[in-house]
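In: One predicted model, sequence on top.
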Amino acid sequence: MGTVITNMVAQTPEMEIVMGVDEFQPVAAPSYPVHKNIKDCQVSADTIISYLRPTAIDDTKSLLDFGVANSIPMIICTTGLTPELENAIENAAKKVAVFYSGNMSLGINVFANILAKVSKLLYNSNFDIELIEKHHNKKLDAPSGTAVMLLDTIKEAVDHKLETVTDRTGTLAERSRNEIGISAIRGGNIIGEHSVIFAGQNERIEITHTAQSRNVFAEGTLKAAEFICGKPPGLYTMQDLINNL
């Protein structure tokens, strides 16, 4: 994603990357300096964008501390956050603007808006709800952060308490009314696909979002960068950005 964002910013005259942070030096040197640790950085910036892995807990904390200490808004694009990181983000947002989303695609967040409107109606009309997500074989977290976001959206929309089921192996039982099945598929270079299936007795509705290029995440990230600049402390989401469009 760092490379994708770098290439997109190069085509965006009003934006400039002033510094990068990477434990490993890039194969092709970009037009800006790259440090191994954010603590080594001394540069003025309008915002920080992070696509750190969810396992890089200490690095994410260092980034949050750096943003707070220098009063720089931050965009956190890491999925599969631990409770520890969620708390760290919430604490940082009390002192500086922090933008977080489980998926930086505008389309997937419009997808979530649709789910918020239709899930209750369809569930109350005896439709079963299932969720399938597909990603490349290098992805670490499962289910994906986006799948969790969609799942939470459905649960908040439906009046009844719904149970998440990720494995039906050996259950030898009929599907219960109050469950949502969620399946994670990993293979090849699938960028990202999420489908929600509403299955009724005589009809079925499927809503699917397919990311055809990582550019879709970079586009949303740069829109978030424009949005977050100058904002007061607080935790912002893609919904805030969409409401501002």
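Out: On my side now, so go ahead. Residues are numbered from 1 along each chain as shown.
In: How is this protein divided into domains?
Out: 2-104+214-244, 106-210 (automatic domain parsing).
In: Tabulate the ones you listed (CSV), appending mean neighbour count and mean pLDDT.
Out: Just so you know, the C-beta spots here come from the backbone N, C-alpha and C atoms, and that holds for glycine as well. Output for the domains of the chain, formatted as CSV (neighbours: other C-beta atoms under 10 Å; pLDDT from 0 to 100):
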stretch, mean neighbour count, mean pLDDT
domain 2-104+214-244, 16, 89
domain 106-210, 16, 94
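In: Return the distance of Ile185 relative to Asn103.
Out: Distance, Ile185 to Asn103, using C-beta to C-beta, to the nearest Å: 17 Å.
In: Ala112 now?
Out: Ala112 is 9 Å from Asn103, by C-beta to C-beta.
In: who touches both of those two?
Out: Shared contacts of Ala112 and Asn103, defined by C-beta atoms under 8 Å, 6 or more residues apart in numbering, comprise Met149.
In: Quick check, Ile205 in contact with Ile129.
Out: No. Ile205 is beyond contact range of Ile129, at 10.1 Å (criterion: C-beta atoms under 8 Å).
In: So the residue nearest in space to the middle of the chain: helix, strand or coil?
Out: Central residue of the chain (C-alpha atoms, centre = their mean): Gly102, 2.0 Å from the mean position. Here Gly102 is coil, with the state taken from DSSP: H, G, I helix; E, B strand; the rest coil.
In: Do I have it right that it meets Asp141?
Out: No. Counting by C-beta under 8 Å, Gly102 does not reach Asp141; the two are 10.3 Å apart.
In: Can you work out which residues contact both of these two?
Out: Common neighbours of Gly102 and Asp141 (C-beta under 8 Å, 6+ apart) are Thr79.
In: Could you pull up phi and psi at Cys77?
Out: Main-chain dihedrals, Cys77, degrees, to the nearest 10: phi -110, psi 10.
In: Now do the contacts for it.
Out: The neighbours of Cys77, taking C-beta under 8 Å, 6+ apart as the test, are 1, 49-51, 101, 104, 217, 221.
In: Over to Thr166?
Out: Each residue near Thr166 by C-beta under 8 Å, 6+ apart is listed here: 143, 181-184.
In: Can you tell me which of those residues lies closest to Glu226?
Out: Closest approach to Glu226 among the contacts of Thr166 (C-beta to C-beta): Pro143, at 30.1 Å.
In: Am I right that that closest one is in contact with Lys134?
Out: No. The criterion here is C-beta under 8 Å, and Pro143 misses it with Lys134 at 10.8 Å.
In: what sits in contact with each of these two?
Out: Taking C-beta under 8 Å, 6+ apart as the contact rule, Pro143 and Lys134 both touch Ala184.
In: residue contacts, the residue nearest to the centre of the chain?
Out: 79, 144-146, 148-149.
In: Show me what the top helix by length along the chain is packed against.
Out: Ranked by residue count under DSSP state H, the longest helix found in the chain is helix 106-124. The contact analysis (3 or more C-beta pairs under 8 Å, 6 or more residues apart in numbering; DSSP states H and E) places helix 106-124 against strand 128-135, helix 145-157, strand 193-199, strand 204-210, helix 215-228, helix 238-244.
In: Give me the distance between the nearest residue to Met15 once chain neighbours are set aside and Ile17.
Out: Nearest in space to Met15, with sequence neighbours left out and distances taken as C-beta to C-beta, 6 or more residues apart in numbering, is Val9 at 4.9 Å. Distance, Val9 to Ile17, by C-beta to C-beta: 5 Å.
In: what residues are up against Thr221?
Out: Thr221 makes contacts with 1, 5, 49, 75, 77, 104, as judged by C-beta under 8 Å, 6+ apart.
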